[in-house]
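Undergrad: sequence and predicted model, in that order:
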Amino acid sequence: MKLILLLLFMPYSAKQDSIPKELLLYGENKQIPNVIKSNVLTALSHYPELKDANIEFVFKQKMKKSIMDAQPVFATLLKKKKNRKYRIRISALMTFTHTAIPIHQIPDSIMIGWIGHELGHIMDYEQRNFFSMVGFGISYLFSGKFIQKAERTADSFAVEHGLGYYIVETKYYILDNADLPQVYKDRIARLYLSPDDILEQVKKLEEKKEEGEL
Ligand SMILES: [Zn+2]
């Protein structure tokens, strides 16, 4: 039932071959592989604050713990903030227990939700100076609690930027997928906000909007 509701609310996403002009505006200072360009631009269009940010989206053959991650390019952290560069790494393959598909074959809405979450991390990084970023990197390596906080922050940014339903769909895609390794699903369930938590946030946001607070 929830999924049906979600699909009803889900805005139609553009196809790869005909990217609308309004979306192309969000490609400034971004390097995006063509096969995922339309979906990445759709996610970016929810973050006007990142319009000038330098972000490179790269496919990786092997990633250890996650399907995607977002990091600043370390050498640029000492530069002025406007010269900072970020890199979102994307596993070239979506690996299931018994099979694998090229990542761009996952449904559009899931890709938009996933990228939307990674952009949430970049919003968090944008508010941090060099020392805070170094502290972030170290804490992320050693503290489960810190990872949990950072992941929740990224999700919250995505919800506040109108990507709530995409994020929920992405979570269901992972958590309800019988063909994904249990270790991976357990990690997501432990460290990330649950679909219900996200729906709760979306509801609160919509109430605020109705009351005219936003
Ligand atoms: Zn994350």
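TA: The structure has been received and is ready for your questions.

Undergrad: how about the strands in this protein?
TA: 30-31, 54-60, 68-72, 85-91, 93-95, 100-102 (DSSP state E).

Undergrad: partners of the shortest one, with directions?
TA: Neighbouring strands of strand 30-31 in its sheet, by DSSP bridges, are strand 54-60 (parallel).

Undergrad: contacting residues around the residue most central in space within the chain?
TA: Nearest to the geometric centre of the chain sits His117, at 2.1 Å (Cα atoms, centre = their mean). Residues in contact with His117, defined by Cβ atoms under 8 Å, 6 or more residues apart in numbering, are Met68, Ala154, Asp155, Ala158, Ile167, Thr170. The C-beta positions use only the backbone N, C-alpha and C, and glycine is treated the same way.

Undergrad: quick one: which of the residues you listed is most hemmed in?
TA: Ala158 (30 neighbours; other Cβ atoms under 10 Å).

Undergrad: do the biggest helix by length in the chain and the ion come into contact?
TA: Using DSSP state H, we find that the single longest helix of the chain is helix 108-126. No. Applying Cβ under 5 Å from the ion, one finds helix 108-126 out of contact with the ion, separated by at least 5.5 Å.

Undergrad: begin at 9, not 1, for the rest of this chat.
TA: Got it, the first residue is 9 from now on, which makes the last one we talked about helix 116-134.

Undergrad: run the chain-centre distance for that helix.
TA: Relative to the chain's own centre, helix 116-134 is displaced by 2 Å; criterion: Cα atoms, centre = their mean, to the nearest Å.

Undergrad: avg pLDDT for it?
TA: Rounded to a whole number, the mean pLDDT of helix 116-134 is 98.

Undergrad: was I right about Leu49 contacting Lys29?
TA: No. Leu49 lies out of contact with Lys29 (Cβ atoms under 8 Å); the separation is 10.9 Å.

Undergrad: quick one, which of the two is more surrounded?
TA: A count of neighbours by other Cβ under 10 Å puts Leu49 above the other of Leu49 and Lys29, at 23 against 6.

Undergrad: distance of the nearest residue to that one once chain neighbours are set aside from Val48?
TA: Computed as Cβ to Cβ, 6 or more residues apart in numbering, the closest residue to Leu49 that is not its neighbour in sequence is Leu31, at 4.3 Å. Distance of Leu31 to Val48, computed by Cβ to Cβ, to the nearest Å: 10 Å.

Undergrad: residues contacting Lys93?
TA: Counting by Cβ under 8 Å, 6+ apart, Lys93 makes contact with Asn62, Ile63, Glu64, Pro80, Val81, Thr84.

Undergrad: against Tyr173, how distant is Ser202?
TA: Using Cβ to Cβ, Ser202 is found at 15 Å from Tyr173.

Undergrad: for Thr50, grab the count of nearby residues.
TA: Using other Cβ under 10 Å, Thr50 has 24 neighbouring residues.

Undergrad: what does the one 3 residues further on give?
TA: Here the neighbour count serves as a burial measure; for Ser53 (other Cβ under 10 Å) it reads 18.

Undergrad: surely it and Leu31 touch.
TA: Yes. The criterion here is Cβ under 8 Å, and Ser53 meets it with Leu31 at 5.9 Å.
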